[in-house]
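Engineer: Generate a structure from the sequence data that follows.
(one chain, ligands or ions: 1)
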Amino acid sequence: MQQLNQHLAHTLKWLRTERQWSLSQAAQHTGVSKAMLGQIERGESSPTVATLWKIATGFNVAFSVFLALPETPAPALPQRNSTCAMFSQDQADMCVTPLFPYDARLGFDLFVIDFAPGALSESSPHEAGVIEHVIVLEGELELVVNGHGYHLNASEALRFQADVPHGYHNRTSQRVRIHDLIHYPVPGAVS
Ligand code: MN
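Structural biologist: Residues are numbered from 1 along each chain as shown. Below is the predicted model:
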(Lines give C-alpha, C1' and ligand atoms only; values in the text may rest on other atoms or scores of the structure.)
Protein backbone atom coordinates (compact mmCIF):
# COMPACT_ATOMS: atom_id res chain seq x y z
CA MET A 1 0.00 0.00 0.00
CA GLN A 2 2.83 2.37 0.93
CA GLN A 3 4.44 1.64 -2.42
CA LEU A 4 1.22 2.43 -4.27
CA ASN A 5 0.80 5.70 -2.36
CA GLN A 6 4.34 6.72 -3.31
CA HIS A 7 3.65 5.90 -6.95
CA LEU A 8 0.42 7.94 -6.85
CA ALA A 9 2.21 10.85 -5.18
CA HIS A 10 4.95 10.85 -7.80
CA THR A 11 2.55 10.48 -10.73
CA LEU A 12 0.20 13.25 -9.63
CA LYS A 13 3.07 15.64 -8.98
CA TRP A 14 4.55 14.83 -12.39
CA LEU A 15 1.21 15.36 -14.19
CA ARG A 16 0.60 18.67 -12.44
CA THR A 17 4.12 19.90 -13.19
CA GLU A 18 3.77 18.89 -16.82
CA ARG A 19 0.48 20.83 -17.13
CA GLN A 20 1.85 23.69 -15.04
CA TRP A 21 -1.33 23.59 -12.97
CA SER A 22 -1.55 24.89 -9.42
CA LEU A 23 -3.34 22.71 -6.86
CA SER A 24 -6.39 24.97 -7.31
CA GLN A 25 -6.37 24.51 -11.07
CA ALA A 26 -5.99 20.75 -10.67
CA ALA A 27 -8.93 20.78 -8.24
CA GLN A 28 -11.05 22.66 -10.78
CA HIS A 29 -10.22 20.26 -13.60
CA THR A 30 -10.72 17.08 -11.61
CA GLY A 31 -13.46 17.92 -9.13
CA VAL A 32 -11.22 16.55 -6.36
CA SER A 33 -10.56 18.95 -3.49
CA LYS A 34 -7.28 20.79 -3.15
CA ALA A 35 -6.81 19.27 0.29
CA MET A 36 -7.23 15.74 -1.05
CA LEU A 37 -4.88 16.36 -3.99
CA GLY A 38 -2.29 17.72 -1.57
CA GLN A 39 -2.61 14.65 0.64
CA ILE A 40 -2.17 12.35 -2.35
CA GLU A 41 0.94 14.26 -3.47
CA ARG A 42 2.42 13.88 0.00
CA GLY A 43 1.66 10.16 -0.02
CA GLU A 44 -0.66 10.66 2.95
CA SER A 45 -3.87 9.46 1.36
CA SER A 46 -5.11 6.19 -0.09
CA PRO A 47 -7.56 7.53 -2.65
CA THR A 48 -10.49 5.47 -3.84
CA VAL A 49 -10.81 4.16 -7.37
CA ALA A 50 -13.58 6.72 -7.90
CA THR A 51 -11.24 9.56 -6.90
CA LEU A 52 -8.44 8.28 -9.14
CA TRP A 53 -10.86 8.13 -12.04
CA LYS A 54 -11.82 11.77 -11.48
CA ILE A 55 -8.14 12.69 -11.55
CA ALA A 56 -7.50 10.63 -14.69
CA THR A 57 -10.49 12.25 -16.40
CA GLY A 58 -9.46 15.77 -15.33
CA PHE A 59 -5.92 15.27 -16.60
CA ASN A 60 -7.13 13.36 -19.66
CA VAL A 61 -4.88 10.35 -19.04
CA ALA A 62 -5.53 6.60 -18.85
CA PHE A 63 -6.42 5.11 -15.47
CA SER A 64 -3.45 2.74 -15.55
CA VAL A 65 -0.92 5.57 -15.20
CA PHE A 66 -1.79 5.54 -11.50
CA LEU A 67 -0.90 1.89 -11.01
CA ALA A 68 2.66 0.71 -10.70
CA LEU A 69 3.35 -1.48 -13.68
CA PRO A 70 4.64 -5.00 -13.26
CA GLU A 71 8.26 -5.32 -14.37
CA THR A 72 7.67 -8.59 -16.16
CA PRO A 73 5.26 -9.21 -19.05
CA ALA A 74 1.63 -9.51 -18.00
CA PRO A 75 1.13 -12.65 -15.93
CA ALA A 76 -1.27 -15.32 -17.10
CA LEU A 77 -3.22 -14.81 -13.89
CA PRO A 78 -3.02 -11.85 -11.53
CA GLN A 79 -0.98 -12.58 -8.45
CA ARG A 80 -3.11 -11.09 -5.82
CA ASN A 81 -0.52 -10.13 -3.27
CA SER A 82 2.35 -9.07 -5.48
CA THR A 83 0.86 -7.04 -8.31
CA CYS A 84 -2.50 -6.14 -6.84
CA ALA A 85 -3.31 -2.55 -6.02
CA MET A 86 -5.92 -3.02 -3.31
CA PHE A 87 -8.35 -0.23 -2.81
CA SER A 88 -10.44 -0.19 0.32
CA GLN A 89 -13.42 2.05 0.50
CA ASP A 90 -16.26 2.24 2.98
CA GLN A 91 -18.20 -0.32 1.03
CA ALA A 92 -15.77 -1.53 -1.58
CA ASP A 93 -12.97 -4.00 -1.49
CA MET A 94 -11.59 -4.32 -4.92
CA CYS A 95 -8.31 -5.30 -6.44
CA VAL A 96 -7.29 -3.74 -9.75
CA THR A 97 -4.49 -5.37 -11.72
CA PRO A 98 -3.34 -3.99 -15.07
CA LEU A 99 -3.02 -6.86 -17.53
CA PHE A 100 -2.16 -4.82 -20.61
CA PRO A 101 -1.43 -1.25 -19.53
CA TYR A 102 -2.26 1.71 -21.71
CA ASP A 103 -0.47 1.99 -25.02
CA ALA A 104 -1.19 5.18 -26.99
CA ARG A 105 -1.08 3.32 -30.32
CA LEU A 106 -3.89 1.03 -29.22
CA GLY A 107 -5.93 3.30 -26.97
CA PHE A 108 -7.03 0.83 -24.32
CA ASP A 109 -6.39 -0.42 -20.80
CA LEU A 110 -7.15 -4.02 -19.87
CA PHE A 111 -7.57 -4.78 -16.19
CA VAL A 112 -8.42 -7.80 -14.09
CA ILE A 113 -10.59 -6.62 -11.22
CA ASP A 114 -11.60 -8.68 -8.18
CA PHE A 115 -14.53 -7.62 -6.03
CA ALA A 116 -14.79 -9.05 -2.52
CA PRO A 117 -18.21 -10.26 -1.30
CA GLY A 118 -20.46 -7.23 -0.82
CA ALA A 119 -18.08 -4.86 -2.61
CA LEU A 120 -19.64 -1.77 -4.16
CA SER A 121 -17.66 0.58 -6.36
CA GLU A 122 -19.38 3.64 -7.76
CA SER A 123 -17.82 5.77 -10.46
CA SER A 124 -18.52 9.27 -11.66
CA PRO A 125 -18.64 9.73 -15.46
CA HIS A 126 -15.37 9.24 -17.32
CA GLU A 127 -14.23 11.44 -20.18
CA ALA A 128 -16.62 11.65 -23.15
CA GLY A 129 -15.99 8.77 -25.55
CA VAL A 130 -14.66 6.32 -22.96
CA ILE A 131 -16.20 2.89 -23.51
CA GLU A 132 -15.93 -0.01 -21.06
CA HIS A 133 -16.20 -3.70 -21.89
CA VAL A 134 -16.90 -5.77 -18.79
CA ILE A 135 -16.48 -9.54 -19.08
CA VAL A 136 -17.31 -11.61 -16.00
CA LEU A 137 -14.75 -14.38 -15.47
CA GLU A 138 -15.98 -15.69 -12.14
CA GLY A 139 -19.03 -15.05 -9.97
CA GLU A 140 -22.01 -12.76 -10.62
CA LEU A 141 -21.84 -9.00 -11.03
CA GLU A 142 -24.48 -6.29 -10.83
CA LEU A 143 -23.59 -3.41 -13.13
CA VAL A 144 -25.49 -0.16 -12.92
CA VAL A 145 -25.11 2.18 -15.88
CA ASN A 146 -26.86 5.53 -15.69
CA GLY A 147 -29.42 4.10 -13.28
CA HIS A 148 -30.07 0.96 -15.34
CA GLY A 149 -29.15 -2.36 -13.69
CA TYR A 150 -27.62 -5.36 -15.47
CA HIS A 151 -26.98 -8.79 -13.97
CA LEU A 152 -23.99 -10.57 -15.48
CA ASN A 153 -23.10 -14.20 -14.88
CA ALA A 154 -19.71 -15.76 -15.53
CA SER A 155 -18.77 -15.58 -19.24
CA GLU A 156 -21.33 -12.85 -19.93
CA ALA A 157 -20.21 -9.42 -21.08
CA LEU A 158 -21.48 -5.88 -21.44
CA ARG A 159 -20.15 -2.92 -23.38
CA PHE A 160 -21.28 0.53 -22.28
CA GLN A 161 -20.55 4.22 -22.74
CA ALA A 162 -18.77 5.12 -19.51
CA ASP A 163 -19.28 8.88 -19.69
CA VAL A 164 -22.28 8.51 -17.35
CA PRO A 165 -22.43 7.51 -13.67
CA HIS A 166 -21.91 3.77 -13.27
CA GLY A 167 -21.25 1.22 -10.56
CA TYR A 168 -20.09 -2.33 -9.94
CA HIS A 169 -21.71 -4.35 -7.14
CA ASN A 170 -20.98 -7.82 -5.84
CA ARG A 171 -24.14 -8.79 -3.98
CA THR A 172 -23.00 -12.37 -3.45
CA SER A 173 -20.87 -14.10 -0.82
CA GLN A 174 -18.33 -15.22 -3.46
CA ARG A 175 -15.53 -13.25 -5.06
CA VAL A 176 -16.33 -11.74 -8.46
CA ARG A 177 -13.53 -11.49 -11.01
CA ILE A 178 -13.91 -9.50 -14.23
CA HIS A 179 -11.94 -8.23 -17.17
CA ASP A 180 -12.51 -4.54 -17.79
CA LEU A 181 -11.30 -3.35 -21.17
CA ILE A 182 -11.41 0.43 -21.25
CA HIS A 183 -11.31 2.13 -24.60
CA TYR A 184 -10.18 5.76 -24.65
CA PRO A 185 -11.04 8.10 -27.52
CA VAL A 186 -8.12 8.43 -29.91
CA PRO A 187 -6.87 12.03 -29.94
CA GLY A 188 -7.75 13.70 -33.20
CA ALA A 189 -10.07 10.91 -34.34
CA VAL A 190 -13.33 11.92 -35.97
CA SER A 191 -16.18 11.09 -33.62
MN1 MN B 1 -15.50 2.97 -14.93
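Engineer: beta partners for residue 114?
Structural biologist: Residue 114 forms beta bridges with residue 95, residue 177, as assigned by DSSP bridges.
Engineer: Neighbours of it, how many?
Structural biologist: Using other C-beta atoms under 10 Å, residue 114 has 22 neighbouring residues. Backbone N, C-alpha and C define where each C-beta goes, glycine included.
Engineer: give me the residue from this structure nearest the ion.
Structural biologist: Nearest residue of the chain to the ion: residue 123, at 4.2 Å (C-beta to the ion).
Engineer: Which phi and psi values does that residue adopt?
Structural biologist: When read as degrees, to the nearest 10, the backbone of residue 123 gives phi -120, psi 140.
Engineer: Contacts only, for it.
Structural biologist: Contact analysis of residue 123 by C-beta atoms under 8 Å, 6 or more residues apart in numbering lists 49, 50, 53, 162, 165, 166, 167, 168.
Engineer: what are the bridge partners for the nearest residue to the second one once chain neighbours are set aside, then?
Structural biologist: Ranked by C-beta to C-beta, 6 or more residues apart in numbering and with sequence neighbours excluded, the top spatial neighbour of residue 50 is residue 123, at 5.4 Å. Using DSSP bridges, the beta-bridge partners of residue 123 come out as residue 166.
Engineer: Next: residue 131.
Structural biologist: Counting by DSSP bridges, residue 131 forms beta bridges with residue 161, residue 183.
Engineer: my read: it touches residue 164, true?
Structural biologist: No - using C-beta atoms under 8 Å, residue 131 is not in contact with residue 164, being 11.4 Å away.
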